[in-house]
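Novice: Any chance you can model this:
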Amino acid sequence: MHRIKIVIINITLLFAGIIILELGIRMFIEYEPGYYTGIQSKDSCIQYPYGEICLNSDGYPDDEFNLKGNKLRIGYFGDSVCYGVAAGRDYRITDLLKKYYTKYEHYNFCYLGENVLSNKTLDNLIKVTDKYNLDQIVYFMNLNDIPPLESELTQWPHEVSTIKAKDNGQNQTSASNNMLVEIKHFMSPFDKLLRGKSYLYTYLRNKVKERLTIAGYEASGYKAIEMFPGKSKLVFKKASERINNLQKYLENKHKKFTLVILPYEMQISMNAASIYHGLNIQWEEGFSDGSAQDLLIKNLSSNVRYFNVYNAFEDIKDTAGVGDYYVYNKGDKIDWNHPNRSGHKIISDYLIGQPIYE
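Specialist: Take a look at the predicted model:
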């Protein structure tokens, strides 16, 4: 009986301590814990601090698709940037392009965590292209699409040529041996339940991610090799080959393909680069000048039409402050890969001045 009382007292003290910490963090925390999670409403819209993102009846972050018109159909693919994180509906690159290029039908198929270059997602892209009879595919490629390819050594079934995965000192690792990725998958149900709702959990999560980020890891759990392109040339070549083969495959199906390469904040702002270096974030010499994009482009086929968005910020790189065009520190992580509304506007203005469609 005495032992049971001790257990009850300890459990009570534990929960009391958790409640006190939860309340304390809520009072003194300096960022928005729910910035990336949002609240689901009844009308299939998710309310975020930066705006709302609504899903259509097909489950995509767009208005209902018009499938009866005769306009050429443009399908956008990519990850959280074109999904709308940090911008919200009506302020995304895709929305701004849609408002300008009214002679096309614009369909947004972007999704959180999407990596178009992975085997599974490439197959899905092909299925979606056929299902909606798309005329052109525009792929918004984030640099963090590259790291997972280091561990995905299998060939995409639709690839025209074989990419041989040789080590050559490039530190290739098996996905099954990436402990951080496995932990991330294990924690995913708890993360969905607690992130942004429990300030204590979100705070501790953020502190762990800060240490991992400083140690050179992506939010996905993979090593941030895109920030060290000179040490990962084989993986970059593989990424370029995937893009080449995708373009050739779509061309054989009489579909057009356009690649849009998105930059990180330390690449478009000298002030941001200085701030991130002050936080002990590391990258190799030349990365902030676009070396990762240059290496990717170097191995692209001449048939691939691409636009390097790094160039959109060329004239303001010396004057742009950290957080002016990207999220930086509004949420529960150090964020250099999500443009805010101002960033989306600059990118869309740049693309509008280019022959992005055919």
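Novice: so what's residue 288 up against?
Specialist: Counting by Cβ atoms under 8 Å, 6 or more residues apart in numbering, residue 288 touches 266-267, 270, 273. Heads up, the C-betas are built off the backbone N, CA and C, glycines and all.
Novice: can you tell me how far it sits from residue 313?
Specialist: From residue 288 across to residue 313, the span is 12 Å (Cβ to Cβ, to the nearest Å).
Novice: Now the common contact residues for these two.
Specialist: With Cβ under 8 Å, 6+ apart as the test, residue 288 and residue 313 both reach residue 267.
Novice: For stretch 295-302, buried residues please.
Specialist: 295-297, 299-300 (16 or more other Cβ atoms under 10 Å).
Novice: measure it end to end?
Specialist: 14 Å (Cα to Cα, to the nearest Å).
Novice: what's the answer for stretch 258-273, then?
Specialist: 29 Å.
Novice: How far does it sit from its chain's centre?
Specialist: 13 Å (Cα atoms, centre = their mean, to the nearest Å).
Novice: what does stretch 318-330 give?
Specialist: 17 Å.
Novice: Same question for stretch 321-339.
Specialist: 13 Å.
Novice: And for stretch 273-289?
Specialist: Mean-position distance between stretch 273-289 and its chain equals 19 Å (Cα atoms, centre = their mean).
Novice: Of all the residues in that stretch, which ones are buried?
Specialist: Per 16+ other Cβ under 10 Å, stretch 273-289 contains these buried residues: 273, 275-276, 281, 283, 287-288.
Novice: And for stretch 59-74?
Specialist: Result for stretch 59-74 [16+ other Cβ under 10 Å]: buried residues 60-62, 65, 73-74.
Novice: Now do the strands in the protein.
Specialist: Taking DSSP state E as the criterion, the chain contains strands spanning 39-40, 45-48, 51-54, 72-78, 104-108, 136-141, 256-261, 305-308, 326-328, 335-339.
Novice: Neighbouring strands - and their directions - for the longest one?
Specialist: What it means is strand 72-78. Here strand 72-78 is paired, per DSSP bridges, with strand 104-108 (parallel), strand 136-141 (parallel).
Novice: contacting residues around that strand?
Specialist: 82, 94, 101, 103-110, 114, 116, 125, 128-129, 132-142, 357.
Novice: same deal with the third one?
Specialist: Contact with strand 51-54 is made by 38, 43-46, 61, 63, 83-84, 87-91, as judged by Cβ under 8 Å, 6+ apart.
Novice: Please repeat the previous calculation with a cut-off of 6 Å.
Specialist: Outside strand 51-54, the residues within contact range by Cβ atoms under 6 Å, 6 or more residues apart in numbering are 44-46, 61, 84, 88-89.
Novice: In helices, which of the buried residues of stretch 273-289 appear?
Specialist: If you go by DSSP state H, those have 273, 275-276 in helices.
Novice: Now flag whichever of the residues you listed is closest to residue 349.
Specialist: Ranked by distance to residue 349 (Cβ to Cβ), those are led by residue 273 at 23.0 Å.
Novice: Return the distance of the closest one relative to residue 286.
Specialist: From residue 273 to residue 286 the distance is 12 Å (Cβ to Cβ).
Novice: Tell me where this structure has helices.
Specialist: 2-28, 80-83, 93-100, 119-131, 179-194, 199-214, 233-252, 265-268, 270-278, 291-298, 341-352.
Novice: Which members of the contacts of residue 288 are the farthest-apart pair?
Specialist: 267 and 270 (9.9 Å).
Novice: Those two: which is more packed in?
Specialist: More crowded of residue 267 and residue 270, by other Cβ atoms under 10 Å: residue 267, with 25 against 16.
Novice: ok, the more buried one - contacts?
Specialist: So residue 267 contacts 288, 310 (Cβ under 6 Å, 6+ apart).
Novice: Okay, it and residue 226: tell me how far apart.
Specialist: For residue 267 relative to residue 226 (Cβ to Cβ), the value is 11 Å.
Novice: One more: residue 293?
Specialist: Taking Cβ to Cβ, one finds residue 293 at 10 Å from residue 226.
Novice: and the closest residue to residue 112 other than its chain neighbours, how many neighbours?
Specialist: In space, and not counting its chain neighbours, residue 112 is closest to residue 80: 4.9 Å by Cβ to Cβ, 6 or more residues apart in numbering. Using other Cβ under 10 Å, residue 80 has 19 neighbouring residues.
Novice: now residue 80: how far from residue 86?
Specialist: Taken as Cβ to Cβ, the span from residue 80 to residue 86 is 9 Å.
Novice: quick revisit: show me which of the contacts of strand 72-78 are buried.
Specialist: Among the contacts of strand 72-78, those classed as buried by 16+ other Cβ under 10 Å are 82, 94, 101, 104-110, 114, 116, 125, 128-129, 132, 134-142, 357.
Novice: where does residue 214 land on pLDDT?
Specialist: In the predicted model, residue 214 carries a pLDDT score of 73.
Novice: Excluding chain neighbours, what is closest to it?
Specialist: Counting by Cβ to Cβ, 6+ apart, the residue nearest residue 214 is residue 280, at 4.8 Å.
Novice: just checking, the one you found touches residue 213?
Specialist: No: at 9.1 Å, residue 280 does not count as touching residue 213 under the criterion of Cβ atoms under 6 Å.
Novice: Give me the spatial nearest neighbour of residue 328, chain neighbours excluded.
Specialist: residue 322 (5.3 Å).
Novice: Quick check: which ranges of the stretch 1-150 of the chain have low pLDDT?
Specialist: 1-3, 5-32 (pLDDT under 70).
Novice: try 50
Specialist: Confidence mapping of the stretch 1-150 of the chain against pLDDT under 50 gives zero matching residues.
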